[in-house]
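Student: need a structure here:
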Amino acid sequence: MDSKIKKISVLIVALSLVTVIIAITSMAAKEGTVPEDPLVTGDNTAVAPPNAPPLPVDVWHEAESGWIGRSFLIDNGVGQGRGYIYTPEFSGYAYGGMNYYVTVPRNGKYVIEGIVNASNVGSDSFLVTVYKHERLFDWNTNQWVDGYIAYDFGKEHGWGQEYNAQWRFERCYETNPGFEYGKWSSCFVNHWNAYVNPQQEAIPLVYNLKAGEYLIKFDMREDGTMLDKFRFVNWGIPTPIPTIPTPIETPTPETLIQ
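Tutor: Next up, the predicted model:
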């Protein structure tokens with residue numbers, strides 16, 4: 001009897017050791033090097049080749065072409081581009097915004113320009129979030145998966161983590177002098193959080209983006225706000241100074257005789 005008990009005890013101890021070894025190995029794997037993703041290389045970004053075409057800064061994305069969220073409605077009537085999205089008046093604060101997929105062809109600094117409309121300062125803002133398409137390693141399935149990581153612009157300004165830009169049209173005058181309430185106007189996406197001390201201001205909000213695919217999300221902040229279309233604009237590239245050709249002196253008969 002004692003012999004059987006000893007054998008069972010030894011077996012239990014052995015199984016316990018195996019369990020501990022497996023657990024340690026699993027922890028070491030998670031803390032170690034992530035297996036190489038066969039679909040991506042380098043820093044997991046799609047870098048444009050050196051001979052990439054010029055940045056299409058004039059490509060507009062119609063607001064009604066996105067994945068519509070429960071907070072928004074589409075008006076196909078008479079608008080800037082015969083269609084726009086809006087959040088109904090008196091609908092209240094809610095999530096469930098509009099999603100758009102945009103390809104940025106090359107690394108650079110960008111601002112987002114929108115054609116917007118609002119009746120007053122009480123219905124003139126969106127929340128804007130930019131997500132970078134990344135290949136992420138899922139430890140639960142031990143596989144590489146597609147995912148999106150939100151662009152953190154707060155760290156660039158020393159604010160900590162900030163992902164949702166509070167795009168408030170009342171600051172549009174500073175970057176778009178032609179902005180006017182009650183009509184379709186151009187406005188760059190900005191961030192103004194007046195409810196923290198010190199206030200957070202990025203007028204406009206400049207995104208330092210790498211080439212690749214992005215998910216742009218517009219969420220409701222105030223009801224009654226309207227968006228017709230938007231586009232990415234390359235920011236900070238100086239305009240080339242035009243070259244004035246050197247005039248060629250036409251010889252006169254006198255100079256030819258000499």
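Student: where do the strands sit along this structure?
Tutor: For the chain, the strands defined by DSSP state E occupy 61-62, 73-75, 84-86, 98-104, 108-117, 125-138, 143-150, 165-168, 185-188, 191-193, 200-202, 207-209, 212-220, 226-234.
Student: what ranges of this protein fall below the confidence cut-off?
Tutor: Filtered on pLDDT under 70, the chain yields the residue ranges 1-58, 70, 77-82, 91-96, 237-258.
Student: Give me the domain ranges for it.
Tutor: 1-32, 61-234 (automatic domain parsing).
Student: that older thread, export the strands of the chain as CSV, with columns for distance to residue 156 and mean neighbour count.
Tutor: Quick note: C-beta positions are derived from backbone N, CA and C, even for glycine. CSV is the format used below for the strands of the chain (distance: least, C-beta to C-beta, whole Å; neighbours: other C-beta atoms under 10 Å):
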stretch, distance to residue 156, mean neighbour count
strand 61-62, 25, 17
strand 73-75, 34, 14
strand 84-86, 29, 24
strand 98-104, 17, 17
strand 108-117, 11, 21
strand 125-138, 13, 18
strand 143-150, 14, 14
strand 165-168, 12, 24
strand 185-188, 17, 20
strand 191-193, 11, 19
strand 200-202, 9, 18
strand 207-209, 7, 18
strand 212-220, 17, 21
strand 226-234, 18, 21
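Student: out of those, nearest to residue 176?
Tutor: When the strands of the chain are compared by C-beta to C-beta, strand 185-188 sits nearest residue 176, at 5.0 Å.
Student: Please name every helix or strand in contact with that closest one.
Tutor: Strand 185-188 sits against strand 108-117, with contacts defined as 3 or more C-beta pairs under 8 Å, 6 or more residues apart in numbering; DSSP states H and E.
Student: quick one: contacts of the strand it packs on?
Tutor: Residues from elsewhere that reach strand 108-117 (C-beta atoms under 8 Å, 6 or more residues apart in numbering): 55, 60, 80-81, 84, 104, 124, 128, 130, 167, 169, 172, 182-189, 204-209, 216, 225-237.
Student: Can you get me a residue count around residue 141?
Tutor: 8 (other C-beta atoms under 10 Å).
Student: So it versus residue 201, what's the distance?
Tutor: According to C-beta to C-beta, to the nearest Å, residue 141 stands 42 Å off from residue 201.
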